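**Q** Below: sequence and its predicted model.
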Amino acid sequence: MKITAYAATMQAVWFSEDMGETWLRPPTPTGGFYNEIRCWAVCTHPQRPGEVLAGTDQGLYRWSHEQQRWNYIPSPMDDLHILQIAQSPDDPKIIICGTRPAEIFISEDDGKSWQRSNLNAATECWFINTTRVTSIQFDPADADTIWITIEIDGVFRSRDRGKTWDHLIDGLRDNDTHNLVFLNGNNRRTILCSTEAGLHKSIDEGKSWQYMDIPQAPWLYFRSIQRKENDSNIIFASVGDKPSGEAGILLISRDQGQSWEKAALPEPVSSTIWWISTNPADPNLIFLCTIFGQIFRSQDGGESWRKMQRVLGEIRMIAWAPTPE
């Protein structure tokens, strides 16, 4: 299977067609957008091979494999930073975007029209001044339920695809939330939430959260958490010394977060691991990136890792998907 990896950076989107060994950008004159554009998010969908959505500081764009260019998608988000993008697992025409300031915009017709959701989240916060959406997920058990995390305003859930929202922060030690993982086992569901004040869990669909003490984590700043595709027991979590940071580690749990061990990365990371990318097309192929440009790859489900030679400046997200033949 041939794959393409995509890195959202502060200098556009970089592509790798050789498993992350080398990286290139489409040229500005023919590629569809300026190579100094700042990009925070990339999104692929299994029903749309060769298509990528990119969230930037100059609007939303769609990559066409056939045309080999980015095509601009008009939306009310042009003056905002588009930080997160999600598409419904069952229908790629349903697109949800999260921005800075923290707003949610929804399209149900493949980006032809958009509605601003009535999120009613905070617009200002301490430390970073302006809130921002850090993750968007369709509930794996209910396509009409959407979960988001906001930095800095906690966890939100909508059971009616963005029409109304519940604010779920009871028990969180800090409302600086980053990501969620959904786990099934022992006849109940557990939701994990990464925050700047440690990892939390909920066993009552977010009504309350409990702090999880993880002795293997030398710091409290949990950023990206990701479940291994096709294996509900294995979870990866990134921990750093601070948001951008100068140090970090990758933790792995083989029992749904009950115990953890440090993953054996081949060299120290230069900053916090910002994103962990998986794809059901190959559960054993995993990419991760640090915020300051390092890229690591595992081809055995996270048991061993290799650092890619190329460093790409500041990376905010990494993804991969099969390449159309």
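**A** Alright, I've got the coordinates.

**Q** If you count neighbours, what's buried in stretch 140-147?
**A** 145-147 (16 or more other Cβ atoms under 10 Å). For the C-beta atoms, the positions are set from N, CA and C on the backbone; glycine is no exception.

**Q** what do you get for stretch 197-215?
**A** In stretch 197-215, counting by 16+ other Cβ under 10 Å, buried: 197-202, 205-206, 209, 211-212, 214.

**Q** returning to that earlier point: mind putting the buried residues of stretch 140-147 into TSV with distance to Trp274, pLDDT and secondary structure?
**A** Shown next, in TSV, are the buried residues of stretch 140-147 (distance: Cβ to Cβ, whole Å; pLDDT from 0 to 100; DSSP: H, G, I helix; E, B strand; the rest coil):
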residue	distance to Trp274	pLDDT	secondary structure
Thr145	26	97	coil
Ile146	22	98	strand
Trp147	20	98	strand
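
**Q** which of the residues you listed lies closest to Pro92?
**A** Of all the buried residues of stretch 140-147, Ile146 has the smallest distance to Pro92: 15.4 Å, by Cβ to Cβ.

**Q** and the gap between the closest residue to the closest one other than its chain neighbours and Leu180?
**A** Nearest non-adjacent residue to Ile146, counting by Cβ to Cβ, 6 or more residues apart in numbering: Ser158, 4.7 Å away. Separation of Ser158 from Leu180 (Cβ to Cβ, to the nearest Å) stands at 14 Å.

**Q** before we move on, what about Asp241?
**A** Distance from Asp241 to Leu180, by Cβ to Cβ: 23 Å.

**Q** When these two are compared, which one has more neighbours?
**A** Between Asp241 and Leu180, Leu180 has the larger neighbour count (other Cβ atoms under 10 Å), namely 23 against 16.

**Q** Tell me the bridge partners for that one.
**A** Cys193 (DSSP bridges).

**Q** you'd agree it is up against Ile225?
**A** Yes - between Leu180 and Ile225 there is a contact under Cβ atoms under 8 Å: 7.5 Å.

**Q** give the contact list for Gln226.
**A** Residues near Gln226 by Cβ atoms under 8 Å, 6 or more residues apart in numbering: 179, 181, 235-237, 276-278.

**Q** Between those residues, which sits nearest Met1?
**A** Thr278 (14.8 Å).

**Q** residues touching that closest one, list them.
**A** With Cβ under 8 Å, 6+ apart, Thr278 has these contacts: 226-229, 285-286.

**Q** Ramachandran angles for it?
**A** Phi and psi for Thr278, reported as degrees, to the nearest 10, are phi -130, psi 170.

**Q** mind checking how far the residue nearest to Ile146 is from Gln256?
**A** Distance, Ser158 to Gln256, by Cβ to Cβ: 25 Å.

**Q** Compare these two (neighbour count), which wins?
**A** Neighbours were counted for Ser158 and for Gln256 using other Cβ under 10 Å; Ser158 has more, 22 against 19.

**Q** Sheet partners, orientation included, of the helix or strand of the chain with the lowest mean pLDDT?
**A** The weakest-scoring helix or strand in the chain, judged by mean pLDDT, DSSP states H and E, is strand 124-125 (a mean of 81). With DSSP bridges as the test, strand 124-125 is paired with strand 129-130 (antiparallel).

**Q** related to what we said a few turns ago, buried among the contacts of Gln226? Make that a ChimeraX selection.
**A** Listed next is the ChimeraX selection for buried residues among the contacts of Gln226, using 16+ other Cβ under 10 Å:
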select :179,181,235,236,237,276,277,278
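
**Q** Among the contacts of Gln226, which one lies nearest to His65?
**A** Minimum distance to His65 across these is 18.8 Å, recorded for Ser277 (Cβ to Cβ).

**Q** For beta bridges, what are the partners of the closest one?
**A** Here Ser277, judged by DSSP bridges, has bridge partners Phe287.

**Q** State the pLDDT value of the nearest residue to Gly20 once chain neighbours are set aside.
**A** Leaving aside its chain neighbours, Gly20 sits nearest to Met308 (4.6 Å; criterion: Cβ to Cβ, 6+ apart). Listed pLDDT for Met308 reads 98.

**Q** Same question for Ala121.
**A** 89.

**Q** ok, now which ones touch Gly206?
**A** Neighbouring residues of Gly206 by Cβ under 8 Å, 6+ apart: 147, 155, 157, 166, 168, 191.

**Q** what's the neighbour count on Arg189?
**A** So Arg189, with other Cβ under 10 Å, has 16 neighbours.
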